[in-house]
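Peer 1: Need a 3D model of the following:
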Amino acid sequence: MNEFLTNHGWPLLLIVLQILAFLVPILISVAYLIYAERKVMGAMQLRQGPATVGPFGLLQPIADAIKLFSKEIIIPTQASPAVFILAPMLTLFLSLVAWSVIPVNENWVIANINVGVLYLFAVSSVGVYGVLMAGWASNSRYAFLGGMRSAAQMVSYEVSMGLVIVCVLLCVGSLNLTEIVTTPRAPWMTVMLFPMFIVFLVSILAETNRAPFDLPEGESELSGGFMVEYSGMAFALFFLGEYANMILMSAMGVILFLGGWLPPFGIEALAVVPGIIWFGLKTACILFFFIWVRASLPRYRYDQLMRLGWKIFLPFTLIWVILLSGTMLYLDAFPQQIN
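Peer 2: I've put the predicted structure just below:
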């Protein structure tokens, strides 16, 4: 028994503890991101927000979780039960499994693989299946329309996001997320990547079905969209998956454009602050952008959403890839990895 634990048990236990060290803070962050959103939106709309449960309303996320997880899950008579239950589980699972390649500090990553970017692409592409399954399995016209909207929306903006990430990869010459952070970039590269950062910010709003692109859930015309038939714990899993995706996309933005765990603007004096703190603060800034946009902008019409993705972002990012590649070729600035 001791020999088995030595050869197999302890390494396995170490991996489990490493995974829990990532997942537990993420789930706590999801709960308190919802609290922060309600507080920030309350302040922006001149109201109080959660203030009753616990000091400053800090226990409100726990009360909401207890309420949702104690409610009955109602499965419609004409629904497909297995797919209906599996859909929210898949959505949350995919939003968490992607964190296995996200480095939150130097050497703080579960799997430091050389194709981390491709792994993230694969996981985010599969993410649409959870929403599609929920829309189809509910056997409701509103849910089905919400699922179709979400599929079209995510496909439309994934193309632009892919070209944005190609621009970053041209500058660093690696698919490894740790190397993307640590590879130095010339100042002119940072300037040329700034428009791509703006496109990325708008695209992740559409990828996560957040306002003003929350058309798959459009309450005014679809009564809640793909989640209309869900209740209790199943609805809570969709809710948790959406906010976990927000944190994941924000972390991707920090790694690709904001220097990850490194001090801002390369100021060495700020290196005394632990890298995990800088990573968290930068991620929080992008999350604030999510909340600020939701509180400020009205929902787009569906034709406006499609026009922005296919007629503006796609041509712009294609032209920018060509422009950046030509500039790097002219200056002989391609990294050694792709020479």
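Peer 1: which residues of the chain fall in helices?
Peer 2: Using DSSP state H, the helices of the chain run over 2-4, 10-44, 60-70, 81-97, 116-126, 128-137, 141-172, 177-182, 187-207, 219-222, 232-257, 275-296, 302-307, 314-330.
Peer 1: These: which one's closest to residue 50?
Peer 2: Distance to residue 50, taken as C-beta to C-beta, is lowest for helix 60-70 among these, at 4.0 Å. (Each C-beta comes from the backbone N, C-alpha and C, glycine too.)
Peer 1: I'd like to know which elements the closest one is packed against.
Peer 2: Contact partners of helix 60-70 among helices and strands, from 3 or more C-beta pairs under 8 Å, 6 or more residues apart in numbering; DSSP states H and E: helix 10-44, helix 232-257.
Peer 1: what angle sits between that helix and helix 10-44?
Peer 2: Per axes from the mean of the first three to the mean of the last three C-alpha atoms, to 10 degrees, the angle that helix 60-70 makes with helix 10-44 is 110 degrees.
Peer 1: and the helices and strands packed on helix 60-70 as a markdown table, adding mean pLDDT, distance to residue 155 and mean neighbour count?
Peer 2: What follows is the helices and strands packed on helix 60-70, written out as a markdown table (pLDDT from 0 to 100; distance: least, C-beta to C-beta, whole Å; neighbours: other C-beta atoms under 10 Å):
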| stretch | mean pLDDT | distance to residue 155 | mean neighbour count |
| --- | --- | --- | --- |
| helix 10-44 | 87 | 26 | 15 |
| helix 232-257 | 91 | 16 | 22 |
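Peer 1: mind giving me CSV with these and columns for distance to residue 56?
Peer 2: What follows is the helices and strands packed on helix 60-70, written out as CSV (distance: least, C-beta to C-beta, whole Å):
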stretch, distance to residue 56
helix 10-44, 8
helix 232-257, 20
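Peer 1: right, so of those, which gets closest to residue 170?
Peer 2: Between residue 170 and the helices and strands packed on helix 60-70, the shortest separation by C-beta to C-beta is 12.1 Å, and it involves helix 232-257.
Peer 1: Just list what that closest one packs against, helices and strands only.
Peer 2: In terms of contacts (3+ C-beta pairs under 8 Å, 6+ apart), helix 232-257 is packed against helix 10-44, helix 60-70, helix 81-97, helix 141-172, helix 177-182, helix 187-207, helix 275-296.
Peer 1: Among the ones you listed, which comes closest to residue 255?
Peer 2: Across the helices and strands packed on helix 232-257, residue 255 has its closest neighbour in helix 177-182 (5.5 Å, C-beta to C-beta).
Peer 1: Count the residues that sit near the residue lying closest to residue 259 once chain neighbours are set aside.
Peer 2: When the adjacent residues along the chain are set aside, residue 259 lies closest to residue 181, with 6.5 Å between them (C-beta to C-beta, 6 or more residues apart in numbering). Residues within reach of residue 181, counting by other C-beta atoms under 10 Å, total 21.
Peer 1: among the helices and strands packed on helix 60-70, which is nearest residue 120?
Peer 2: Ranking the helices and strands packed on helix 60-70 by their distance to residue 120 (criterion: C-beta to C-beta) puts helix 232-257 first, at 6.7 Å.
Peer 1: gap between the spatially most central residue of the chain and residue 136?
Peer 2: Within the chain, one residue has its C-alpha closest to the average C-alpha position: by C-alpha atoms, centre = their mean, that is residue 249, at 2.8 Å. Relative to residue 136, residue 249 is positioned 25 Å away (C-beta to C-beta, to the nearest Å).
Peer 1: next one: residue 283
Peer 2: Applying C-beta to C-beta to residue 283 and residue 136 gives a distance of 34 Å.
Peer 1: cool, residue 96 as well?
Peer 2: Going from residue 96 to residue 136 by C-beta to C-beta gives 23 Å.
Peer 1: Let me know the distance separating the nearest residue to residue 201 once chain neighbours are set aside from residue 19.
Peer 2: On the basis of C-beta to C-beta, 6+ apart, the spatially nearest residue to residue 201 that is not a chain neighbour turns out to be residue 289, at 6.3 Å. Using C-beta to C-beta, we find residue 289 at a distance of 29 Å from residue 19.
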